[in-house]
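In: sequence first, then the predicted structure, then my questions.
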Number of protein chains: 2
Amino acid sequence: MKALQQQLDFLMQIDQLKAIYRQTTVKNDNDRQENSAEHSWHIALVAQVLQQYAAHNIDINRVTLMLLIHDIIEIDAGDLFAFAPQQHHQEQALKELAAAERLFGLLPHQQGEQMKTLWIEFEQAKSVDAQFAKAMDRILPLFQNMANHGGSWVKHSVKKQQILARNSYLQESAPKLWEYTCAQVDLAVNNGWLIDSE
Amino acid sequence: MKALQQQLDFLMQIDQLKAIYRQTTVKNDNDRQENSAEHSWHIALVAQVLQQYAAHNIDINRVTLMLLIHDIIEIDAGDLFAFAPQQHHQEQALKELAAAERLFGLLPHQQGEQMKTLWIEFEQAKSVDAQFAKAMDRILPLFQNMANHGGSWVKHSVKKQQILARNSYLQESAPKLWEYTCAQVDLAVNNGWLIDSE
């Protein structure tokens, strides 16, 4: 039963993702901050529901699993706001790699390696599955901020150009959703929720 | 873009699952109550990690999607404690069916019907996929309560026999996990976390 004990240890340690809080807020729950576990559930369903817009032949099951595990490393590394300075992102990448080694390393060897490999694929964002997964992860805060009168964009004075750059995987990965995103970004600028710095 | 609007409406309405609170608590977050969105994330990963114990030839991707959507109906119907009186469960079943009609009905017709059908399959628990999914949904609170000094069992004076009955899908669906569950239940009785009513 050693494998089972390792698996249960992993499953109980990832419970901690429920205590990692993000910048986005939950409109329907007194605007409390959203945690990364419930966020991971939400984007897995975003990918499932929007899969028809993928321009390439994606494997939705791999995409879903990528999204379910992609934030687990935050248990050790914390969540970094998407628009934090570049240097912070470089430090974060090293912390996240160490976190992936430790956390997926709790599992039986082969299973842990498979999950770590999938997580690295997501991070590198070179495969069509990873690019679609990244695109989903990044479009959800746009939906949320639009539903929330600008939400974390307003709080952190985010620029239109940052949102377009952040969502640019959509151009290749899901062109119809890219069109939608561009239109929403224009609307957000008109509403004063995003700054147009050009 | 009518389909996309319907899909976004669904994806924003299910955000409300983050405000549906359960009896289990999050040990790593000041023992606050767990919500059904983060619970759904957690059990999807429980199923992924423990899939090797399935006695039958399950489709883990269907199981995962079932688990991701299985609690959405609580947005309208609320969460009922597993050990509430039987009559409450009958009323709850009717509320949940109406909720499934409304919530999955927000989606484009075919997509909504597919999800509703999958949800009904889960509820009926006749297929091997649904039985494994149910078993995972029910074993997670056992892991959590064992890690949490009895947790919601102690609070609600739950009996050993209730936990064994609730986890009985495991007998057929994942016998090795059933063995583990029986041993954990005995340990919980010894620790005074479950009542042995025999």
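Out: Great, that's in hand. Numbering: from 1, shown residues only, chains lettered A, B, ... in the order given.

In: ranges for the strands of chain A?
Out: Assigned by DSSP state E, the strands in chain A fall at A:21-26, A:32-35.

In: among those, which is nearest chain B?
Out: Shortest distance between chain B and the strands of chain A, using Cβ to the nearest Cβ, is found for strand A:21-26: 4.9 Å. In this view, the C-beta of every residue, glycine as well, is placed from N, C-alpha and C.

In: how about the contacts made by the residue nearest the centre of chain A?
Out: With distances taken as Cα atoms, centre = their mean, chain A has A:D137 as the residue nearest its mean C-alpha position (3.6 Å). For A:D137, the contact set (Cβ atoms under 8 Å, 6 or more residues apart in numbering or on different chains) comprises A:I43, A:L67, A:H70.

In: give me the buried entries from those.
Out: A:I43, A:L67, A:H70 (16 or more other Cβ atoms under 10 Å in any protein chain shown).

In: narrow the residues you listed to those in helices?
Out: Helix and strand membership here follows DSSP state H; of the buried ones among the contacts of A:D137, those in helices are A:I43, A:L67.

In: could you export the buried ones among the contacts of A:D137 as CSV, including distance to chain B and pLDDT?
Out: Compiled in CSV, the buried ones among the contacts of A:D137 are given as follows (distance: Cβ to the nearest Cβ, whole Å; pLDDT from 0 to 100):
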residue, distance to chain B, pLDDT
A:I43, 10, 98
A:L67, 10, 98
A:H70, 11, 97
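
In: all the helices of chain A, residue numbers only.
Out: Under the criterion DSSP H, chain A carries helices at the ranges A:2-13, A:36-50, A:60-69, A:74-77, A:86-104, A:109-124, A:128-147, A:151-155, A:160-166, A:169-173, A:175-190.

In: just say which of these is most tucked in.
Out: Looking across the helices of chain A with neighbours counted as mean count of other Cβ atoms under 10 Å in any protein chain shown, the highest average goes to helix A:36-50: a mean of 25.

In: now it - C-alpha only, PDB.
Out: In PDB, the C-alpha atoms belonging to helix A:36-50 read as follows (Å, rounded to 0.1, in the frame of the first residue of the first chain):
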ATOM      1  CA  SER A  36      -6.600  29.000  -6.900                       C
ATOM      2  CA  ALA A  37      -8.400  25.700  -6.300                       C
ATOM      3  CA  GLU A  38     -11.800  27.100  -7.300                       C
ATOM      4  CA  HIS A  39     -10.200  29.000 -10.200                       C
ATOM      5  CA  SER A  40      -8.700  25.700 -11.400                       C
ATOM      6  CA  TRP A  41     -12.200  24.100 -11.400                       C
ATOM      7  CA  HIS A  42     -13.600  27.100 -13.300                       C
ATOM      8  CA  ILE A  43     -11.100  27.100 -16.100                       C
ATOM      9  CA  ALA A  44     -11.300  23.400 -16.600                       C
ATOM     10  CA  LEU A  45     -15.000  23.900 -17.400                       C
ATOM     11  CA  VAL A  46     -14.200  27.000 -19.500                       C
ATOM     12  CA  ALA A  47     -12.000  24.800 -21.700                       C
ATOM     13  CA  GLN A  48     -14.600  22.100 -21.800                       C
ATOM     14  CA  VAL A  49     -17.400  24.500 -22.800                       C
ATOM     15  CA  LEU A  50     -15.300  26.500 -25.300                       C
END
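
In: so which elements touch that helix?
Out: Helix A:36-50 sits against strand A:21-26, helix A:60-69, helix A:128-147, helix B:2-13, helix B:36-50, helix B:60-69, with contacts defined as 3 or more Cβ pairs under 8 Å, 6 or more residues apart in numbering or on different chains; DSSP states H and E.

In: what's the burial count for the residue nearest to A:K2 when sequence neighbours are not counted?
Out: When the adjacent residues along the chain are set aside, A:K2 lies closest to A:P108, with 8.0 Å between them (Cβ to Cβ, 6 or more residues apart in numbering or on different chains). The number of residues packed near A:P108 is 16, by other Cβ atoms under 10 Å in any protein chain shown.

In: tell me the pLDDT at A:P108?
Out: You'll see A:P108 listed with a pLDDT of 98.

In: how about the contacts made by it?
Out: Going by Cβ under 8 Å, 6+ apart, A:P108 touches A:K2, A:A3, A:Q6, A:Q7.

In: any chance of those residues in JSON lines, with pLDDT and distance to B:H39 too?
Out: Output for those, formatted as JSON lines (pLDDT from 0 to 100; distance: Cβ to Cβ, whole Å):
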{"residue": "A:K2", "pLDDT": "94", "distance to B:H39": "27"}
{"residue": "A:A3", "pLDDT": "97", "distance to B:H39": "24"}
{"residue": "A:Q6", "pLDDT": "98", "distance to B:H39": "22"}
{"residue": "A:Q7", "pLDDT": "98", "distance to B:H39": "18"}
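
In: of the residues you listed, closest to B:Q23?
Out: Set against B:Q23, the nearest of those by Cβ to Cβ is A:Q7 (24.4 Å).

In: where does the closest one sit relative to B:Q111, distance-wise?
Out: 33 Å (Cβ to Cβ, to the nearest Å).

In: how about A:V158?
Out: With distances defined as Cβ to Cβ, the gap from A:V158 to B:Q111 amounts to 32 Å.
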